[in-house]
Structures are given as C-alpha cells and as structure tokens.
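A.B. asks: Just need the structure, nothing else, for what follows:
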Amino acid sequence: MAVVLQLQDAHKRYGEQELLDGTGCALADDQKVGLIGRNGAGKSTICRILLGEEELDQGEVVRSRKLRLGYLRQHDPFLDGETVLGFLMRDSGQPEWRCGEIAWQFQLPDAMLDQLVRELSGGWQTRVKLAALLLHDPNLLILDEPTNFLDLRTQMLLEEFLQSFPGGCLIVSHDRAFLKRTCDNTLEISRGQLNMFPGDVDAYLENLAERREHDHRVNAATLTKRKQLETFINKNRANANTASQARSKAKQLERLQLVEVQGEEAEIHFSFPEVQPRQGPALRVEQLAIGYSDYEVASGIQLDVDHGTRVGIVGDNGQGKTTFLRTICNSIEPLAGQLKWGFGCQVGVYAQHVYTTLPEDQTVEDYLHYQAAEGTTIQQVKDVAGSFLFSGELVSKRIRVLSGGERARLVLAGLLLQKHNVLVLDEPGNHLDVETVDALADALCRYQGTVIFTSHDRHFMHRVATAVIEVRDRRVTSYPASYDDYVYRVRKELEAGLRAEHATRGTREPAKSSAPRKLGGREERELQKKLKAVERKIAKLDEDKRTIHEKMLSTTEAQDVQQLHDELTAMGSEVELLEEQWLDIFNELESG
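C.D. replies: Here you go, the predicted model:
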C-alpha cells in the first residue's frame, strides 16, 4: 500500500460556513473509499480540491510522484462528428486495437464504435467515458456521484469495473448499495472534519449508531450524577458541619463533563400526509400506446395499479420509464388507448429536474406557503420546513442560492404540505444525501396512499417497492416477481453476455448448419437446467479462486504459496472448460 494523495491541515470556508476546519486524510493506491456526508457538507468541494480545480484557504494537498489521477468527467468531452472509437483514440492516444479491447469490457458493441458518440444515450456515453478513463492507466480514481441517471445494467458494469480495478478509488455517492459493493473503507465529512473508518458504509453507520447510543447513555448517567451532587451541595453548603463535604462535591461536579456525541447532526424526520386507505384499482390502463408524434415508445399496455401499493418502475435508460410516468401524469397525451385514475385520486408529482424550474427569487418560506394546501397553518409550514433542515435563517434564503440537494428537499417538503393520496415520483433520491434518502424511504413505507416511482438507487428500491412494472422492448408490463428477483435476473443476463462475448472472441466462428434443428419443449427445458448448473459451478469456482487469492496475499511460507498457486491454476483451467460448455449449451439454445 502506498499513499499517493493527501490532505493536510485543510481549511476551506464559504462565507459563514466552514467546510474544512484543520482536517486531513490520506488515500492509498489500493484503497476503495466511499465519501459520505450531508448535502452541503463539502463532498464535491473535496473532490475539486484533490483534482486541483479549487484551492484550499490554508493547508496542503500532497501528491506522490507515482500518482496517476483519473476522474469521471460530468461534462461532455466529445467533439462534433466524433465516433466512439475516434473519441477513445483521441482522448487516450492509444491504438485502435487497444481502444476496442477496453471498450469490450463495458459491453460497447463493435457496431457502436463507429456511431457518433453524441447520438448515444447518457448511459452509453458514461460507458464510453469509463473506457476512456481506463485507457489512461490511472492508479487512483475520483468519482463524484457516478451512478446518477445510470440504469441498472450500466451501474453493474461500473461495479464490476471498480471491483476489478487494481488501483484506489474515492467515490462520492448517495447510493448505499453501490457504495457497499465497491468500497471497503468509508470517509465521512461532518462539521468540518474528515473521519476514516476501515469498513463499508453499512458497517460504518452501524458502528456510528452504536457509538452515539453509548455516548447518550454516558451523558444520561452524567446528568443523573450532576443532579445528585447539586442536590447534596444545595442542602449542605450552608451547614458548618457539612460545608467541607459540599465543597468536595462541588469539585467533583466541576470535573463532570458531557461527552460530545460522535457525528450527531440534525436528523430529518418527516411523514407524508395521512390518507384514508382505499380498495380497488387506483390506476387502470387499457391498450395504451405512449410516445411522441414522430416515435412510439410502447404500445398495447394493459395493467392495473391497486390502491396502497408502491410500484417501482424498472428498465434500462432510453426504454421509456419517464415517458410512461409523464403520460400517466397527463404531462403528455397518450397515442392510443385509455388511462383512468380511480375516483377521488389526488395525484402529486415529483419530476426529474423539477428543482431547476423553481422560482429563483422566492424564499424557502414563501415557496412552502405557496405550495401548502388551503387551511395549512403557519406553524405547520414551519414544522415541515424544520423537518427538512430549513430552520432559523435558512427559511429566509432565496431559492437561487440553494444547492441541488437543498432544492430537491424543498420540492419534497412542498409535496408534504399538499393533500395527495397518490404520489408519482421520478428519481426522488437524486441529489439527496444517504440520511435523507433513508428518511424518504421510511416516510414512503409508512404512507397509506399509492406510490408510483422510479429510482436507480437499489437500496431505496429494495426498501420501498412492493410491486414492479418493467419497461422493456417497447412493452410496459407488470413484472411477476420482486425487485430483488429483477436485479438477480439482470445480473445473470449481464454475466451471460460477458461470458458469451469473451468466449466468442476467443474461439473461431462455428460452422453454420444448412438446416438448424428445432428444439422440443422438454429438450429446451433440459438445456436450460444444464445452463443454470454450469453457471452455478462457474460462480462457485470464482468464489473459491477469490478465497485462495486472499490466502496467497496473507501467506508468507513459500511452500504454502506454491501449493495455493497450483490450486489457482487448476481452478482456472476448470473454469475455461466450464465456459466452453456454457457456450456450447447457449449456442444450442439460440439456434433451436
């Protein structure tokens, strides 16, 4: 392990807010670190400082001579008329074969390499940026909210990339599932201080909760002791016989100090308005076609959403999730078919990028009063504002000076002041910190109304969704299983695609038969069973290889190392044979 980037005695202030107060951290070339903290705490500022895009007020950024820093650019680095392959070659200076090899790791099809990169969707463009990043051979990556607006498949590819990446990473993300799968260390910024924890984000938050609980118990005991001492002193200090004892107790009282509760900040607690539970369909869709005048996104949509369900909308980017949500919210007209909301449904909408269209000159308080339902009292508005951390002078801040996260919280606060029994939420967790996303999930789980939402945050989806609707291949249908089942299926499809592509690149094209044989139903089921059995064996061997590799890293005896190396080699050969079997079965299924 070599430290390649450090912050030392760092100070950074914006107006009255002290983001960094004489703090520091060290990043190694083999550590994967998740950076967490409240919105506005300074996470993005730290990234810009480490990248050299912003200066410290005081302190130092120490860069090792071995540092090769890479970062995922949020802006558009592409030129007009530039193809994917052209961008990769220009950006990296690498030859065509090397660019194609790295592009394959992110499942960029060969045909896509010749497409104009600016014509690709945001998710595909992110894959191109990741390929360009890897071509520069960095040993430390800085990624600021890399999963925002990425679909599930691209997130999984990014995870695979980061898990196999041999260098270090600093990742800012509100997505706990993503951080847990990619980072083995957690760095929190709180009240101007940086604290490193040797564990993933779940372990860190659990440890922090335990320490807070311990500190609260210590403080409770201290306050009880204080009260006892104060009572004794008040009773005995005027009595000549006990005055000396009272003075001794007074000295004990002076020594009793409350401990500062570790990492404790204002917490967000809120609830959506109470609604009367209802029965039957909240939304009925019959033979619906959605899209635009020049393009049909999906057709033949036939589904019901029952009152009280929380429906997660899933599917890859560009498939039509947002178009479907906009259609059911009457933001765009359906191309055909019928869409009916149940009697008495009052629909509240949170749309992507809604916080960019807020009235800039209004204050937080003005906006919330304007959004509040008739009959809402001033105190109710203040209570909701406070629950979203808008209290004191913050309620007088104008919207134009709010951060993206603060604006998102403000829009959610406005929804709470309205009387809705149906909520349609498009990416409600984007730009919210980990704690606020958890509070939002808690509130939605308690909500008695109907929720239709989409989110790329798997932890949030797992907690909230009680039903799933999938948008795929120009169809919108109720998914027959849980969200966890959907994630499992996508991961298997992704792994199968990578293995098939790998095997195809490593073998010659099989000769085509003149008359492909049609498989029977029973034969196809048997092949599917064999395919799954081979997949399980490969997954087991992969896990065993990882365990042996970890043993090799911790073993110092040469004889043990050699034995482990032989086992690893044997397993590698076995995996290759199984992959060939998998490809043969897969090709037989495809041709049948």
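A.B. asks: Hmm, residue 207 and residue 186 touching each other?
C.D. replies: No - between residue 186 and residue 207 there is no contact under Cβ atoms under 8 Å: 9.4 Å. C-beta here means a position set from N, CA and C on the backbone, and glycine is covered the same way.
A.B. asks: what touches both of the two?
C.D. replies: Shared contacts of residue 186 and residue 207 (Cβ atoms under 8 Å, 6 or more residues apart in numbering): 197, 199.
A.B. asks: which of the two has more neighbours?
C.D. replies: The neighbour comparison of residue 186 against residue 207 (other Cβ atoms under 10 Å) goes to residue 186, with 24 against 14.
A.B. asks: Look up which residues are beta-bridged to that one.
C.D. replies: Beta-bridge partners of residue 186, counted by DSSP bridges, are residue 34, residue 197.
A.B. asks: cool, residue 347 as well?
C.D. replies: residue 422.
A.B. asks: Looks to me like residue 194 is in a strand.
C.D. replies: Yes - membership of residue 194 in a strand is supported by DSSP: H, G, I helix; E, B strand; the rest coil.
A.B. asks: ok, now how distant is it from residue 27?
C.D. replies: Relative to residue 27, residue 194 is positioned 11 Å away (Cβ to Cβ, to the nearest Å).
A.B. asks: Settle it for me: which of those two has more neighbours?
C.D. replies: More neighbours surround residue 27 than the other of residue 194 and residue 27, with 22 against 19 (other Cβ under 10 Å).
A.B. asks: Skipping adjacent residues, who's closest to the more buried one in space?
C.D. replies: Excluding the flanking residues, the one nearest residue 27 by Cβ to Cβ, 6 or more residues apart in numbering is residue 5, at 4.5 Å.
A.B. asks: again with residue 10
C.D. replies: residue 59 (3.9 Å).
A.B. asks: May I have the phi/psi pair for the one you found?
C.D. replies: phi 110, psi -170 (degrees, to the nearest 10).
A.B. asks: got a pLDDT number for it?
C.D. replies: Here, the pLDDT recorded for residue 59 equals 92.
A.B. asks: Mind jotting down where the helices sit in the stretch 351-500 of the chain?
C.D. replies: Secondary structure of the stretch 351-500 of the chain (DSSP state H, counting those that start in this stretch): helices at 364-371, 378-387, 404-416, 434-446, 458-464, 483-506.
A.B. asks: And the contacts of the fourth one?
C.D. replies: Around helix 434-446, the neighbours that count as contacts under Cβ under 8 Å, 6+ apart are 36, 38-39, 174, 176, 201, 205, 267-272, 310, 405, 409, 412, 423, 428-429, 432, 451, 453, 457, 459-460, 463-464.
A.B. asks: tell me the angle that helix makes with helix 404-416.
C.D. replies: Between helix 434-446 and helix 404-416, the angle comes out at 20 degrees (axes from the mean of the first three to the mean of the last three Cα atoms, to 10 degrees).
A.B. asks: Any buried residues in helix 434-446, and which?
C.D. replies: Applying a neighbour-count criterion of 16 or more other Cβ atoms under 10 Å, one finds 434-444 buried in helix 434-446.
A.B. asks: what does the shortest one give?
C.D. replies: In terms of neighbour count (16+ other Cβ under 10 Å), helix 458-464 has its buried residues at 458-464.
A.B. asks: Kind regards, and thank you for your time.
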